[in-house]
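> sequence and predicted structure are below.
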Amino acid sequence: MTEFDSVTQRSSFGPHLDRRSFLRYSALAGAVLGGAGLLAACGSDSSSSSGGSIDDGSQYGTVAIQLSWLKNIEFAGEYFADSKGYYKDAGFGSVNLIAGGAASTSVEAGLDTGKVWLGTSAPQTTAPAILEGLPAKIVATTYQKNPFAIVSSAAKPIKTPQDMKGRKIGVQDTNQLIFGALLTANGMKPSDVTIVPAQFDPTPLANGEVDGWVSYVTNEPITLAAKGFENNHFLFADYNLPLVAETLTVEQSTIDKERDKLKAFLIAEIKGWKDAIGNPEESARLAVEVYGKDQKLDLAEQTKEAIAQNGLVVSQDTTANGLLSMTDHLIEQNIAALRNAKIDIKADQLFDLSVLREVYAENPGLK
């Protein structure tokens, strides 16, 4: 084991695809081993062929929600919505939060097979699936800014993409596309940097084997600092790659046939995320002691990550328009950013914010 084995890392494509969905999505999303989604610590598997939903006698039944990663602080809003009864108040019998991760089925594959009703994903994952034929849409986003960052030593900081020129950058295989998009968006070529193949343990950065590391701003900068490695970072989103993240994705049929049910869910989500933003300490406790108990997370680090996460969830636009929202301008920025990643898709193919906008129009007090 290395000093940083406890670091929980992500790929730019979220959880990997299972073998069944590999042939459908591999050209754009990458090939890996698959597996069944890990069930939530709270609740049992109630997924069915009808979009991960069953009739339990409640207004909207029990639904399966696929998370994009393991149960850490990233899903604090969902933990609050579940633990404080917002889902039940909205008419759901229960909401089963299914953990993602490297061995799990992807959100897109789960939607495609009817195992889940809704999932949290990312534009660069959902767009290729849609282009390959998945009838799905992004209906809301938790993160206004993607957490992807380049982290470097504070002694030799890399503060901008241009600062990477001539430097060694550790890039994980599944993050090659998003890193390439960062270079393209900033007028750079792969030959401008030395790309060092990497895994997800940032020990090579701490040891000085590389100068920069592709990371999540809510993860490595905090965990490295906790180990005594002072560091610097910059966000991809601040340098011409303003992708959102932790997007809420559903099949088109959910928008068309279950609009009221989706509205009810979004109301509960908004309430949960308002609580999470207002109480990062409790967010961390729920992640460490309840929902992610099996992950052996560190409470102090998760609290710091919750605070850092708030800076990605809240923006001037969400203050004006409400949490989980996206402006038309931000949508167009995402479409342009995807083109830099060689993913060409139209805004109305990928996004449908009409349901969320109806929620706020009908419930202005949620803002």
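Nice, I can see it.
> surely Gly180 forms part of a helix?
Yes - counting by DSSP: H, G, I helix; E, B strand; the rest coil, Gly180 is located in a helix.
> so who does Leu366 touch?
Ile267, Ile270, Lys271, Gly322, Val359, Tyr360 (CB atoms under 8 Å, 6 or more residues apart in numbering). Using the backbone N, CA and C atoms, a C-beta is placed for each residue, glycine as well.
> state the pair within the residues you listed that is farthest apart.
Maximum pairwise distance in the contacts of Leu366, criterion CB to CB, is 12.9 Å, between Lys271 and Tyr360.
> what is the helix or strand hosting Asp256 packed up against?
According to DSSP states H and E, Asp256 maps onto helix 252-257. The contact analysis (3 or more CB pairs under 8 Å, 6 or more residues apart in numbering; DSSP states H and E) places helix 252-257 against strand 136-143, helix 259-278.
> the shortest one: which residues count as buried?
Within strand 136-143, the residues that qualify as buried are Ala136, Lys137, Ile138, Val139, Ala140, Thr141, Thr142, Tyr143, counting by 16 or more other CB atoms under 10 Å.
> helices of the stretch 51-200 of the chain, residue ranges please.
For the stretch 51-200 of the chain, helices defined by DSSP state H, counting those that start in this stretch occupy the ranges 76-83, 86-89, 107-113, 123-131, 176-185.
> what number of residues lie near Lys346?
Counted with other CB atoms under 10 Å, residues neighbouring Lys346 total 9.
> work out which residue lies at the spatial centre of the protein.
Glu246 (3.1 Å; CA atoms, centre = their mean).
> hang on, that one packs against Thr142?
Yes - the pair Glu246 and Thr142 passes the contact test of CB atoms under 8 Å, sitting 3.7 Å apart.
> show me the common contact partners of these two, please.
Thr120.
> out of the helices and strands in this protein, which is least certain?
Lowest by mean pLDDT, DSSP states H and E among the helices and strands of the chain is helix 19-29, with a mean of 30.
> got any ranges where the stretch 101-250 of the chain has weak pLDDT?
The model of the stretch 101-250 of the chain has pLDDT under 70 over residues 102-103.
> same thing but at 50, please
Low-confidence segments of the stretch 101-250 of the chain, defined by pLDDT under 50, are absent.
> give me the number of residues near Gly166?
9.
> pretty sure Gly52 sits against Val63.
Yes - using CB under 8 Å, Gly52 makes contact with Val63 at a distance of 5.9 Å.
> any idea how far Ala276 lies from Asn340?
Going from Ala276 to Asn340 by CB to CB, to the nearest Å gives 31 Å.
> could you pull out the strands in the stretch 201-350 of the chain for me?
All strands of the stretch 201-350 of the chain, identified by DSSP state E, counting those that start in this stretch, fall at 212-216, 231-235, 245-251.
> ok, Gln309 touching Asn72?
No - Gln309 is not in contact with Asn72 according to CB under 8 Å; the separation is 10.0 Å.
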